[in-house]
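In: Have a look; sequence and predicted model below, questions after that.
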2 protein chains.
Amino acid sequence: MVWQMRLVSSMRASPLLRRPILQGVSRPIALSTSRIMAQTTVQYTARQTLSTTVPRTRNLDLDNINPHVREAKYAVRGELAVKAEELRVRLAQGDKSLPFDSVIFANIGNPQQLDQKPITFFRQVLSLVENPSLLENPEALKKSFGYEQDVIDRAHTLLKDVQSVGAYSHSQGAPIVRDSIAKFIEERDGFPANPQDLYCSAGASSGVNTLLNVICNGPDAGVLVPIPQYPLYTATLSLLNAHCVPYLLEEEQAWGTNVKAIRESVMQAKSAGINVRAIVVINPGNPTGASLSPEDVKNVLELAAEENLVVIADEVYQTNVFAGEFTSFKKRLRQLQQEEPKKYNDVELASLHSVSKGMVGECGQRGGYFELVGFDPLVAAQIYKFVSIMLCPPVVGQCLLELMVNPPKKGDPSYELYQKEYNGIRDGLHKRALALYDAFRQMEGVECQEPQGAMYLFPTITLPTKAIEAAAEEGRAADEFYCMRLLEATGVCVVPGSGFGQKENTLHFRTTFLAPGTDWVERIVEFHNKFMAKYK
Amino acid sequence: MVWQMRLVSSMRASPLLRRPILQGVSRPIALSTSRIMAQTTVQYTARQTLSTTVPRTRNLDLDNINPHVREAKYAVRGELAVKAEELRVRLAQGDKSLPFDSVIFANIGNPQQLDQKPITFFRQVLSLVENPSLLENPEALKKSFGYEQDVIDRAHTLLKDVQSVGAYSHSQGAPIVRDSIAKFIEERDGFPANPQDLYCSAGASSGVNTLLNVICNGPDAGVLVPIPQYPLYTATLSLLNAHCVPYLLEEEQAWGTNVKAIRESVMQAKSAGINVRAIVVINPGNPTGASLSPEDVKNVLELAAEENLVVIADEVYQTNVFAGEFTSFKKRLRQLQQEEPKKYNDVELASLHSVSKGMVGECGQRGGYFELVGFDPLVAAQIYKFVSIMLCPPVVGQCLLELMVNPPKKGDPSYELYQKEYNGIRDGLHKRALALYDAFRQMEGVECQEPQGAMYLFPTITLPTKAIEAAAEEGRAADEFYCMRLLEATGVCVVPGSGFGQKENTLHFRTTFLAPGTDWVERIVEFHNKFMAKYK
């Protein structure tokens, strides 16, 4: 009974502020009937459970698993994504009953699922580190497969350090990988970087998980998260039983960061007894695509210095910038430390990057890293211990990270092809973003900010009252209802704004602009017109 | 202040039973001086901290990070491993002052770090999935590199399903991978397996993390863990603020599982108010190397049925069995369900496997999976949601998993070489295990069980009183002291028994038998004799 009381008390302590703005209905993911196995009744053994009315046949049920797992929400791979996958399988199995002939996964930034070709140099080197015996015949590699000498050289260099991609590396990542990342950061920012402050990770997601695990120190810990946000943040905070302290991005200001609004959130949270420990900034933004100016970045750092917050800068889209230039938090922090050392010297910053985004788009390889700036070495040692429990990030993903931050240079034999492929992907993304933006501008009740970066557009949709009522009847948020109908009618899968959080009484959806062609954009336009007409 | 009180109260609630038998001193990992940066003092902002006597200059310090991270221990990559890596770097930089010329990492099951060659078939296929453009010239692959047709075919088959290894897969793993795993389990056990019950993971560690996250539902949840154990379990339970309920393995019975002792642990835990939810069994054992008989497995399942426990079967060493045959928990459970359906039908089992161990030894590729048996579909849906937050396991690691469970068959062109390499690795491991065992038998004060499986020996050491006193003076557990001296004198890195837990008043160390040659075994013998003589 002690346990029951504890659990209930911890649930009661869960404050209203946790996810006040995150709308959306949570329900179990649909499962095919083959999973629903016959249940037989066994004798009931007296145990502590929350519901004792019906004898249970298993140990674990929805009521007695970790409540924080149950509470976590992750819409990017939620009901809509599961449904889209089911539709894809039906099409693949020859089902002709659907009103479309392909499913478009615009719900997730997964470029190579949508036919983006990997960059040749990267994959050539990776084939060699996976099978070093290929290196025994360099002439054949060149003659029969067009491998250049710099590809072969790089494979040798990587293998000399990692020995085998099948061996565990250092838990922070192989030395050669961290050395190259440090050089990359130095060149990007004009300030030194130390390989010992770098932690490779299995994609940036795993890095975020590490940082939040260390920072959240009890049920009253809170982390400032932009709304809308990438739901990894709210989901992880739910798992850690910590507070998401939301701050609203300003849609009217191209989804910019309003420090005044953040300060208000901090004040509110503090007065509710929350220990606000860190601020998450996603730049360029996900799902908004917004790109912050140097002034915006400074404002956040100033706030962090004054409020003593750790800054978590999610910079995985740093090369996906169409408008202006990317300003890293590290660079801006170092500049401010030169100007006002007393104020800025002890700001703690963790900056994340990944091979999944940018023009690399190698999501499935699970490569990423974070850099710690200004952290207490004793805390860094705890972070090392934490990551060491999972031993090491995938070593092939680490090698790819090295290639991403240290690509062929001018004059290298692979440079020209690399450059051509890189620019081709970049221009393609920009072109598709603009095409989608143009389509949205022509749609009734849809408003969209001009594309600035990342891989997403996040338009506002204004739906007729009848549509909102129809959604309520189905027990769904209105934007979820819209997205479900869109998927069923067109095969296009997008994520409702409620999955990322949005200002009250607004509706949005997030779509990637990765899918090739314009047919799917036309499908959206046509659906939207019919939908609006139906519910007018 | 609310926060402080909460934290203190949660620390006070931490019961004595948490890790009663786990000895060992925890201290911060040594960091090179370059990390210790100059600290400047800034104005102190009034905040809630545990120690308010000294103004802090940063937000995060050892006292205010997540206390559960701080409490977690993971000796496999702890102080000794860090020291060993430092010694390796010194040798690589030409340091001649050390009394040895190589560091032997016998602390971790990392075969390819110790020159175990990867299996050719695996790596050939992986090179092709990393660079599919190689498939455009199959003749050159055959002629210049000896790739067989089945290698080429398999790469095509995998790519047809995963599309690109750079694309996110289904969060449970690509369909083709789970289909092959299901077939493998069916052939192994003679009972059907369902791909929908399989969850690929980034190594088995990540699977354990998922399962414990879902099962541990509050501060009174407890999980039975064998002592000695692989410290992933205690570390993860620490992170989740759940109870490790230890049960002692019987060294005298070849490290067997004594169900009577487990029952006593359950009783004790229950009377301390702990909600015992699951039992971890590592078979073959880590660090003990013990291999359980069908009768042992039955006994555990019977206990689980009676006490309503989820069984977590860590079966990553299932092919590393020298004595007798491996019996899977799944097979035994299905047999028992046929015999006594009423008793066994609702037992929940999660069984883990990995590409890191066995004769595959591909640790750095981070491939693994777990199978759920008898879980409530609604709980399975929560597990799906949990893993989806990290998107997907590395796709190359998934492909390797497919190759491991579906290797070349008799008659396939790659079969003969595969078989030769596989058997060579297996025989080599057995031979080295026996050589090490023979050496231990000749050492004074060392007792060791005959090698049965896994990659480890876990001898008992009886140290002279003077050695134990010298250790205490250094503030170290006696086995840690012994291992530290061993490393400093010989370059051989092993892990003290206190890192895994051991019966009170016993001392052990764990060593892998992966390192080639016998020179390092002789180093241990020579060190041991000198050590014993010195402290006699």
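Out: Alright, I've got the coordinates.

In: What is the burial count for whichever residue of the stretch 401-536 of chain A sits closest to chain B?
Out: Relative to chain B, the nearest point of the stretch 401-536 of chain A is A:Leu514 (10.9 Å; CB to the nearest CB). For the C-beta atoms, the positions are set from N, CA and C on the backbone; glycine is no exception. Counted with other CB atoms under 10 Å in any protein chain shown, residues neighbouring A:Leu514 total 24.

In: by contact count, what packs against the helix ranked longest in chain A?
Out: The residue-count maximum for a helix in chain A (DSSP state H) belongs to helix A:415-442. Judged by 3 or more CB pairs under 8 Å, 6 or more residues apart in numbering or on different chains; DSSP states H and E, the packing partners of helix A:415-442 are helix A:120-130, strand A:456-457, helix A:519-535.

In: again, only using 6 Å
Out: Helix A:415-442 is packed against helix A:519-535, with contacts defined by 3 or more CB pairs under 6 Å, 6 or more residues apart in numbering or on different chains; DSSP states H and E.

In: By neighbour count, which bits of the helix it packs on are buried? Give me those.
Out: A:520-521, A:523-524, A:527-528, A:531-532, A:535 (16 or more other CB atoms under 10 Å in any protein chain shown).

In: Just the CA coordinates for it, please, in CSV.
Out: Presented in CSV, the C-alpha positions along helix A:519-535 are these (Å, rounded to 0.1, in the frame of the first residue of the first chain):
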residue,chain,number,x,y,z
ASP,A,519,1.8,15.8,-57.7
TRP,A,520,1.5,15.4,-53.9
VAL,A,521,1.2,19.1,-53.4
GLU,A,522,-1.7,19.1,-55.9
ARG,A,523,-3.3,16.3,-53.9
ILE,A,524,-3.2,18.5,-50.8
VAL,A,525,-4.7,21.5,-52.6
GLU,A,526,-7.5,19.4,-54.1
PHE,A,527,-8.3,17.8,-50.8
HIS,A,528,-8.2,21.1,-49.0
ASN,A,529,-10.7,22.6,-51.4
LYS,A,530,-13.1,19.7,-51.0
PHE,A,531,-12.7,19.6,-47.3
MET,A,532,-13.5,23.3,-46.9
ALA,A,533,-16.5,23.1,-49.3
LYS,A,534,-17.9,20.1,-47.4
TYR,A,535,-17.8,21.8,-43.9
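
In: For the longest helix of chain A, what does the pLDDT average out to?
Out: For helix A:415-442, mean pLDDT rounds to 95.

In: got the domain boundaries for chain A?
Out: A:79-103+A:420-535, A:151-405 (the TED database).

In: Could you tell me the end-to-end distance of the longest one?
Out: End-to-end distance of domain A:151-405: 15 Å, with CA to CA, to the nearest Å as the criterion.

In: likewise stretch A:61-78?
Out: Chord length of stretch A:61-78, first to last residue, is 20 Å (CA to CA).

In: tell me the contacts of the spatially closest residue to A:Arg178 that is not a sequence neighbour?
Out: Nearest in space to A:Arg178, with sequence neighbours left out and distances taken as CB to CB, 6 or more residues apart in numbering or on different chains, is A:Pro195 at 3.8 Å. Contact analysis of A:Pro195 by CB atoms under 6 Å, 6 or more residues apart in numbering or on different chains lists A:178-179, A:182.

In: Could you rerun that using 8 Å?
Out: A:Pro195 makes contact with A:175, A:178-179, A:181-182 under the criterion CB atoms under 8 Å, 6 or more residues apart in numbering or on different chains.

In: cool, A:Asn209 as well?
Out: A:236, B:390.

In: What strand or helix carries it?
Out: A:Asn209 belongs to helix A:203-215 when assigned by DSSP states H and E.

In: can I have stretch A:468-488 written out in CSV, keeping just the CAs?
Out: What follows is stretch A:468-488, C-alpha atoms only, in CSV (Å, rounded to 0.1, in the frame of the first residue of the first chain):
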residue,chain,number,x,y,z
ILE,A,468,-14.4,21.5,-35.7
GLU,A,469,-17.7,20.1,-34.5
ALA,A,470,-17.2,17.0,-36.7
ALA,A,471,-13.7,16.5,-35.1
ALA,A,472,-15.1,16.8,-31.6
GLU,A,473,-17.7,14.2,-32.4
GLU,A,474,-14.8,11.8,-33.3
GLY,A,475,-13.0,12.8,-30.1
ARG,A,476,-10.2,14.3,-32.0
ALA,A,477,-8.4,17.7,-32.0
ALA,A,478,-9.5,19.6,-35.1
ASP,A,479,-6.1,19.6,-36.8
GLU,A,480,-5.7,15.9,-36.1
PHE,A,481,-9.1,15.3,-37.8
TYR,A,482,-8.0,17.3,-40.8
CYS,A,483,-4.7,15.4,-41.1
MET,A,484,-6.5,12.0,-40.8
ARG,A,485,-8.9,13.0,-43.6
LEU,A,486,-6.0,14.2,-45.7
LEU,A,487,-4.2,10.9,-45.3
GLU,A,488,-7.3,8.8,-46.1
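
In: gap between the residue most central in space within chain A and chain B?
Out: Centroid-nearest residue in chain A, with CA atoms, centre = their mean: A:Tyr230, separated by 5.5 Å. A:Tyr230 sits 11 Å away from chain B, going by CB to the nearest CB, to the nearest Å.

In: Three-state assignment for that residue, please.
Out: Put simply, A:Tyr230 is coil when judged by DSSP: H, G, I helix; E, B strand; the rest coil.

In: quick one: contacts for the residue lying closest to the residue of the stretch 401-536 of chain A closest to chain B once chain neighbours are set aside?
Out: Closest residue in space to A:Leu514, ignoring its immediate chain neighbours: A:Leu114 at 4.7 Å, by CB to CB, 6+ apart. A:Leu114 is in contact with A:104-105, A:512, A:514-516, counting by CB under 8 Å, 6+ apart.

In: same thing with A:Lys420?
Out: Here A:Lys420 is in contact with no residue (CB under 8 Å, 6+ apart).

In: can you map out the strands along the stretch 351-500 of chain A?
Out: Per DSSP state E, counting those that start in this stretch, the stretch 351-500 of chain A carries strands over the ranges A:368-373, A:446-447, A:456-457, A:460-461, A:492-493, A:495-496.

In: if you compare those, which one is most tucked away?
Out: Burial of the strands of the stretch 351-500 of chain A is given as mean neighbour count (mean count of other CB atoms under 10 Å in any protein chain shown); strand A:495-496 ranks first at a mean of 28.

In: From the contacts of A:Leu114, pick the one nearest B:Lys357.
Out: Closest to B:Lys357 out of the contacts of A:Leu114 is A:Phe105 (34.9 Å), distances taken as CB to CB.
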